[in-house]
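1. Mind looking at a prediction? Sequence and model below.
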Amino acid sequence: MRAAVAEGHASQDRGALAMMTMKLLDHWSLLTDDQAALLGLAPGNRTALAHYRKGGPIGTTRDQFERVGHLLGIHKSLRLLFPHNRELAYKWMSTRNKAFNNLTPVEVVKEYGFAGLLMVRAYLDKARGQ
């Protein structure tokens, strides 16, 4: 009984995490394919994205759970780096960057997958002095 209750709470938590993540991707004004790539989904997987928007549990695999954690970490870094310029913080993921050979951070993730996500996060952590 306890395991079922704990599992229900975990599913609710992952549902809230899904809605928070989708709101973040909306703030970043990303295309569907870009949203899917950041979450490690097949390009254009609108079904999964719609499921997450409605609060369906996200992070049911370790890969996706870690991706969501890194995306939220990227968001945190951007908000700390640009505390008075929310627009810049939200546009940063789709802005070309010399540090990434003039690719956007989203393009880095699309090209290198999970490793690209780590590259973007590490770049921001370094910029913050972490």
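-> On my side now, so go ahead. Numbering: from 1, shown residues only.
2. After the lowest-mean-pLDDT helix or strand in the chain, heading C-terminal, what element do we hit next?
-> Least confident element among the helices and strands of the chain, by mean pLDDT, DSSP states H and E: helix 2-27 (a mean of 77). Once helix 2-27 ends, the next helix or strand along the chain (criterion: DSSP states H and E) is helix 32-38.
3. Return the set of buried residues in that following helix.
-> 33-38 (16 or more other C-beta atoms under 10 Å). Yep, even glycine has a C-beta here, placed from its N, CA and C like the rest.
4. With distance to Ser11 and pLDDT as added columns, please give those residues in TSV.
-> Compiled in TSV, these are given as follows (distance: C-beta to C-beta, whole Å; pLDDT from 0 to 100):
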residue	distance to Ser11	pLDDT
Asp33	27	95
Asp34	27	96
Gln35	22	96
Ala36	22	96
Ala37	25	96
Leu38	22	97
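5. quick one: low-confidence parts of this structure?
-> By pLDDT under 70, the low-scoring segments of the chain are 1-10.
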